[in-house]
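*Asks:* Below is the sequence, then the predicted model.
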4 protein chains.
Amino acid sequence: MKYSFYDDYSEGVHPEILRYIGEHNDDQQLGYGRDNYSQLAADRIRKAFGLPHADVHFSPSGTATNVICLRAMLQPYEGVITPHSGHIYVHETGAPEAAGIKLIPVPSQDGKLTTDMIDSAFGTYEDEHTIIPRVVYLTQATELGTVYSPSELQTIINHAKAKGLLVFIDGARLAMALTSKNKGMSTTNFGSLGADIFYVGGTKAGGMYGEAIVIVNPELQHHFRNQMKQRGALMAKGRFMGQQFARFFDQDGLWMALGAQANENAAYMHRRLAEAGMDFDLTVDANQVFPIIENTLVEELEKDYGFYRWTKVSDTQTKIRLVCSWATPVAAIDKFIDRVTELRHAKGQ
Amino acid sequence: MKYSFYDDYSEGVHPEILRYIGEHNDDQQLGYGRDNYSQLAADRIRKAFGLPHADVHFSPSGTATNVICLRAMLQPYEGVITPHSGHIYVHETGAPEAAGIKLIPVPSQDGKLTTDMIDSAFGTYEDEHTIIPRVVYLTQATELGTVYSPSELQTIINHAKAKGLLVFIDGARLAMALTSKNKGMSTTNFGSLGADIFYVGGTKAGGMYGEAIVIVNPELQHHFRNQMKQRGALMAKGRFMGQQFARFFDQDGLWMALGAQANENAAYMHRRLAEAGMDFDLTVDANQVFPIIENTLVEELEKDYGFYRWTKVSDTQTKIRLVCSWATPVAAIDKFIDRVTELRHAKGQ
Amino acid sequence: MKYSFYDDYSEGVHPEILRYIGEHNDDQQLGYGRDNYSQLAADRIRKAFGLPHADVHFSPSGTATNVICLRAMLQPYEGVITPHSGHIYVHETGAPEAAGIKLIPVPSQDGKLTTDMIDSAFGTYEDEHTIIPRVVYLTQATELGTVYSPSELQTIINHAKAKGLLVFIDGARLAMALTSKNKGMSTTNFGSLGADIFYVGGTKAGGMYGEAIVIVNPELQHHFRNQMKQRGALMAKGRFMGQQFARFFDQDGLWMALGAQANENAAYMHRRLAEAGMDFDLTVDANQVFPIIENTLVEELEKDYGFYRWTKVSDTQTKIRLVCSWATPVAAIDKFIDRVTELRHAKGQ
Amino acid sequence: MKYSFYDDYSEGVHPEILRYIGEHNDDQQLGYGRDNYSQLAADRIRKAFGLPHADVHFSPSGTATNVICLRAMLQPYEGVITPHSGHIYVHETGAPEAAGIKLIPVPSQDGKLTTDMIDSAFGTYEDEHTIIPRVVYLTQATELGTVYSPSELQTIINHAKAKGLLVFIDGARLAMALTSKNKGMSTTNFGSLGADIFYVGGTKAGGMYGEAIVIVNPELQHHFRNQMKQRGALMAKGRFMGQQFARFFDQDGLWMALGAQANENAAYMHRRLAEAGMDFDLTVDANQVFPIIENTLVEELEKDYGFYRWTKVSDTQTKIRLVCSWATPVAAIDKFIDRVTELRHAKGQ
C-alpha cells in the first residue's frame, strides 16, 4: 500500500486504548451503554467540559451520530442550516434526508459558518410551504481544516439563540480544534459557549470507533436512547466505547494530546510545503493541509502516496488534501517533502 | 453487580480477538472496510460457507444490519413476513418502520416460521391497497432459543422461492445454531440452502462488535456500500471488524468453537434445572434457557442474579430467560443451581 | 358495468353539493384552505360537534389524513395501537410505515377495540428497545360495519387517557356511525367524548372528495398545516372542500341525512337477506352487510353484481361484503334479493 | 377581499368542467381511478401528446405528484438535480426529503436548467459517500415565468440521457408553456422530446384539483398505483379527476385554450406595465409577471391588491409577482395599471 495521507483513520488504535481495554476485559457489564466504563467516561467528559448536567452517550459512527442528534432536535417541518461544505450535506450519502431531514445549505469558502449565512437561510422561509430553519449545524474543526475561535463560535451561538435556533456541533475533529495553535480553545471554554448538543470525536483522535454525544440542553435529553436504538447505534457491548473514552479523558489528557500531535504534524508539513514554494488559500488550523500543486506533480506523487484531489484550481493546478494524524511520523512527512522537491527540480520548477 | 444471565454480551471480547487486533495494529489501512483484514475475513467467510461469489460486508450492529439488508431487498410497496417474536418486530424500537418498511407479523409459538405462516401472510394481500409480501425474515437461532434443522430451513427457502419471495436470515446467534447438538447444521450446509442474504453474528459469539453480512444473491449486491453509508454503518476504521472476523474464521474455527461452548453451557444449565424439577415448554437448542419458575422463587433469585422475566405463565409462575455465553463458567451455573435448590427446599418445594 | 355493491364511493357526488359549488364558483378566494368557504365549513363543524376551540382542516383523502394526523401525534419512538382489521394496518399500502410510523396491531373479531386489547399492546413494551404505545387508533363505524356505542367509546377514551395515550378516530364513515339505529350517537355527544383528533368523512357520505380533520387537543394544533403541505394534502383550491363541508353542515343536516339513508338501505338489505335465510356473524350497525353465502351462489351473483369476497368461512361458504350508500335505490336491492332467491330455488336451497 | 394577483388558483373551476361533471354524475363507476372517465381522459392525453404507450394516472396535488414520481424513479442512494428555484426545493415544506429523497440544488437566475448546471451537480459525486445524481427535475413553465424552447428542452434531455439520467418535468403550468408565444411548443412536440415522466397540470389551468401524470418510460410504469396509494394520492372517487381531464382534452382543446388565455392576460399586463415605465429582468413567457417597483408604490398597491413580494432588488426597489389566470378580466388589469399610474403621478415619478 502506498503511504496514506488520505485521512486520519488509516492507522490503528492508540496503544494505550488497547491496553486499557485488555486490562478491563474480564468482568461482566450491563449491555447497551449502561456499563460502568461508559458511566466513568461520561463523568470524565462532563468534568472536562465543565458541564455537570449534560447527558453523554456513545455512538459508533459520525454519520449515525449526526442523524440521531438532528432527529432529536427537529420537528418534521423544521430544517438544518449547514455550510455547503458540511459533512452532513456532502459526505453522508444523503443520510439526513433518508431520515426525513431537509438541509438548507449556504455557501461557505472556508468551511465556516457566519451569522450572515444563518440569516441568508431565512430568505426562503415564508409560511407552511417552506421548511422552518431550526438547527444550526457546524463542524469544529471544519472539513477544510479551519477552526473557529471561541469568539467566532460565541457570536454564532448567541445569534442562533436570539433567532430561536438550536446549535449542533459536529466534533469529529474536536480534539484538533481544541488544541489548535493560537485559537485559545479549551474543553471548559468550549463547553461554556452554549451549544445545545455537540459530539466528541473518538475515531479520528486515535480511538477504535465511536463518538461521545454531549447533550447540554435538558429539553433534548429525554428518550435519546430510544432514538439511538431506532437508528442501530445502541451497541450491545457499549463497554468498549466507554473504555475508549474513559482512557481518552483520564488525567493525562490523552485525547487532547493526540489532537495536538496531529496538529503539530500538519503544521510541520505545512511549513515544509510552504518553504518548498507551495501555495495555499486556506489556513492550516488543524490537521488537514490543502496545498495547490501542479497537475503533473500530482500525478507523480500519486504513484507513491495516497491523498485526495480536492478541487481543480486551474487547468494546470489542483488543490489536494493531505491529512496528518496523531500517528504520522515526521520521517514520513520529510520523505514526502523530499519527493516533492525532487520532482519539482526535475521539472525545473 | 449481580451475576448476569441477562444475555450473551455481558462479557468482554475473547482474548484471541484482542490479541489479533494488538498484533496487527501498526500498519496503515484503507478506510471504510476496504482494508486488507476485511478482505481476508471476507475470503475466509466465503470459504467457510462455500459461497465463493458472495459479497461480504461488516456492519457494527444487528439492528443496523437488519435495516440495511431489508432496504436493499425491498421496493417501497413491498413488506417483510416475520414471526411475531422476530427481533425486528419487537426489539428494535421500530427501526424497520422508521426506515419506511412494513413488517407483516405472523404468530409463532416457538420463534420459528413455517410455510403455513408464510402463506397466511398473503391472506391480506389483494391489490395496490395492500403491501406485497416480498421478504421472509427468520432468525437462526431464534429469539426463543430454538434452532431450525437443515430440512426445516430448506423447506421454508424452497417454499419462499416458489412464491417469488426473498429470504433473509438474521444470524446474530448463527454460531450457536450451526453448532446446535443433533441439528446437523454446518457452515457449508447452511451456505448451500439458498438464503439470499444472511448475517454472521460476531458480538454474541465473543467479538467486540460487528456482524458479517453475506449477500449470496448477486442481484442484491450492487450499491450495498452506499446503503450502508446512508445508514451510518460504514465504519471509518473498518479494519477492526475485519480483524475480528479474520480471527474468528481462522483455521482453528474459533467462531464455531465459541458457539459450541455457549450451547454446552446452556445444555448443562438446562439439565441441572430439569433435574431440580423445573418445567420447560421450549426446547433448548442453543444458548438460551427458559425455565418456568414460581414467582416467589423469581423474586428471591433476582436479589443475586440478573435475568429477564419473559412471560407470565400463571398467577404463580413465570417463564424466565437465562442466557449462557462462551464465557459462562460452569461454577457460575452450579452456584445458581445450588441457590435454586436451597430456596426451593426452604419453601418445601 | 355490473351493478356495484363494492363500496360507498361508486356513485357521483350528491346533487346539492354540486349545486352549491356551482352557485359559489365566480368569486376569488385565498388558496390552500384559507378561503371563506373553508372557514364557514369549519365554523359549522365546530358548532355541530360542540367543539368551539377545535381546529378544522380539509384533506383530500383518508390515507393522507391518517398519516398526517398520526405524524402530528407521535414522536419517532412512539407507536399506534390499532385493531388488526384497521384501515391503516391493512388497506393503505403501508402508508403509515412509509412515513416512519410503527403500528401495533391487536386481534379483533368485530373490528372494534376494547380496553383489554389496549392493555395487551403494552405486553411487549419494556424499555428503549421497544416502541412506546402512544396513540389509540379506531374507526367509527368500523371496517366490519359495526358501530361503537357512546359508552363503549367513552370507556376506551377514558382508559386511554388514564394510560397517557392519545385517541385518534378515523371517521371515514362517521356519518353512518352517528346515525346508526339504537346506538344513541349524535354529533354533540360524539364531540364531547374526548377524542384528541377525529375526522369527518366526506367522500363516503356523498361528497366529491375530502375529509374534515377536527383537532380537539390544543397541543396538537400547532404547525398542522405544515404537516399537511409536507404530505401533499394542502390543496391549492381548497375552496371546493370547504364548499362541500359548508353544504354538508348547513341547517338541513345533509351530512347526517345521507349517513342515515345509507344505513337505512343497508338495514333493508340485511332484513331481506335474513328473511331469505342468509346467515350473519356480524351485526349490521351501519351501511355494510356481510352475509355468509354458499360458494356456488357467490359465483352466480358475481356475473351480475360487483362485491368483495371478504373471508372464506368453510369449504362451501364465503362471507361477502355488500355496501349500500346514500344513493342505493331500494329497487336495486330488491332486484338483488330476487336474484338471490331465484338462484337458491334453482338449487333447491 | 382585495383583488388577487397572488396566483392562478384564486378563481373557481371553469364552467365547462363543472357542466361536464354535472352531466355525468348519475352513473356508477369503479373506484380509485379505474373508472371510465379516467380511462377516457388517459386516452385523450395519450393522443394529444402522441404517446400511445404511456401510462396516465391522476393525482390530487402537485406536491403529492412530485414525491410519488421521484420515489418511483430513484433508488435510496440516488438524488435529484433541481434548479435552486425549483418548486420541490423551496415550496413543498421538505416533502421530498420527508420521503427520504436528497435534492441537489444548482443555482439558476431565470428558473431554467442548463446542461452546465447538470454537470456541476456531479462535482460533489465521488463514491459511496455521496449521493448519485439520477433524476433531472425541471418545471415547464418555470416558477419565474420563463419557458423552455423545444430545442432547449431537447438539449437538456439528450444530455441527461447521455449521462444515464432520467428526466422528470413538473408541468403544473404546462398549459401555459405549450401555448407560450414564439416558443413553438405543442403537445405532440413536447411529447416527442423524450422526458421519462411529466405531468399535465389541471388545477392552475382552470380545473378543480388534480394533475395528470404521464409515464413515458415503460420501466417506470410498474406498481405505480401502489406508490400512489402509499402516498395518499389514489382518490376513491377518481372519476372526478378523470372527468376534468376528459373535458380538458376534448376536441375543442379547452386545456390549451385556457393556458393561452392566461398567457395573453399576462402579456397584456406586461406590456401595459412596461409602457408605464416599470422595469423587468425576466422575460414574460407565460402567465407570471415580475415587475421591479419602488417600495413606496408596493405598499400603496398592497392596500387594494393581493400579490407576493418576490425579492428585494435594492433599498428602494422590490420585484413583485403578479399572476394572471384564464379568468383574469382585462378590466381588472386595466384598473390595476390605472392605479399604478395614478400613484406614480402622485409621487411625481
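*Replies:* Done, it's in.

*Asks:* hey, let's count contacts and neighbours off CA atoms from now on
*Replies:* Fine.

*Asks:* Residues contacting stretch A:5-24, please?
*Replies:* By CA atoms under 8 Å, 6 or more residues apart in numbering or on different chains, the list of residues contacting stretch A:5-24 from outside reads A:4, A:203-208, A:240, A:243-244, A:247-248, A:305-308, A:321-327, B:18, B:22, B:25-31, B:236-237.

*Asks:* Any of those buried? List them.
*Replies:* Burial by neighbour count, 16 or more other CA atoms under 10 Å in any protein chain shown: within the contacts of stretch A:5-24 this picks out A:4, A:203-208, A:240, A:243-244, A:247-248, A:305-308, A:321-327, B:18, B:22, B:25, B:28-31, B:236-237.

*Asks:* re the thing from before, mind checking which of the contacts of stretch A:5-24 are in strands?
*Replies:* A:Ser4, A:Tyr305, A:Gly306, A:Tyr308, A:Arg321, A:Leu322, A:Val323 (DSSP state E).

*Asks:* give the contact list for the first one.
*Replies:* Residues in contact with A:Ser4 (CA under 8 Å, 6+ apart) are A:Ser10, A:Tyr305, A:Gly306, A:Phe307, B:Gln28.

*Asks:* right, is stretch A:73-86 up against chain C?
*Replies:* Yes. On the criterion CA under 8 Å from any CA of the partner chain, stretch A:73-86 is in touch with chain C at A:Pro76, A:Tyr77.

*Asks:* check whether that stretch contacts chain B.
*Replies:* No. Looking at stretch A:73-86 against chain B by CA under 8 Å from any CA, there are no contacts, and the closest approach is 13.1 Å.

*Asks:* Quick one: check that stretch for contact with chain D.
*Replies:* Yes. With CA under 8 Å from any CA as the measure, stretch A:73-86 is seen reaching chain D through A:Pro76, A:Tyr77.

*Asks:* pLDDT on that stretch, on average?
*Replies:* If you average the pLDDT over stretch A:73-86, you get 97.

*Asks:* Quick check: end-to-end length of it?
*Replies:* Using CA to CA, to the nearest Å, the end-to-end distance of stretch A:73-86 comes out at 18 Å.

*Asks:* what sits up against it?
*Replies:* Counting by CA under 8 Å, 6+ apart, A:89-90, A:100-108, A:111-113, A:118, A:121, A:131-139, A:142-143, A:166, A:220, C:226-227, C:230, D:93-94, D:98 sit against stretch A:73-86.

*Asks:* Try it again at 6 Å.
*Replies:* Stretch A:73-86 is contacted from outside by A:102-108, A:111, A:113, A:131-137, using CA atoms under 6 Å, 6 or more residues apart in numbering or on different chains.

*Asks:* Where neighbours are concerned, which of these has the most?
*Replies:* A:Lys102 (31 neighbours; other CA atoms under 10 Å in any protein chain shown).

*Asks:* roughly how far apart are that residue and chain D?
*Replies:* According to CA to the nearest CA, to the nearest Å, A:Lys102 stands 6 Å off from chain D.

*Asks:* Which residue, other than its chain neighbours, is closest to that residue?
*Replies:* A:Gly79 (5.1 Å; CA to CA, 6 or more residues apart in numbering or on different chains).

*Asks:* I'd like the list of the buried ones among the contacts of stretch A:5-24 that fall within helices, please.
*Replies:* A:Phe240, A:Gln243, A:Gln244, A:Arg247, A:Phe248, B:Leu18, B:Gly22 (DSSP state H).

*Asks:* Read off the pLDDT value for the third one.
*Replies:* What the model reports as pLDDT for A:Gln244 is 98.

*Asks:* same question, the last one
*Replies:* pLDDT for B:Gly22: 98.

*Asks:* Show the residue spans covered by the strands in the stretch 201-349 of chain A.
*Replies:* With DSSP state E, counting those that start in this stretch as the criterion, the stretch 201-349 of chain A has strands at A:211-215, A:279-280, A:288-289, A:291-294, A:305-306, A:308-312, A:317-323.
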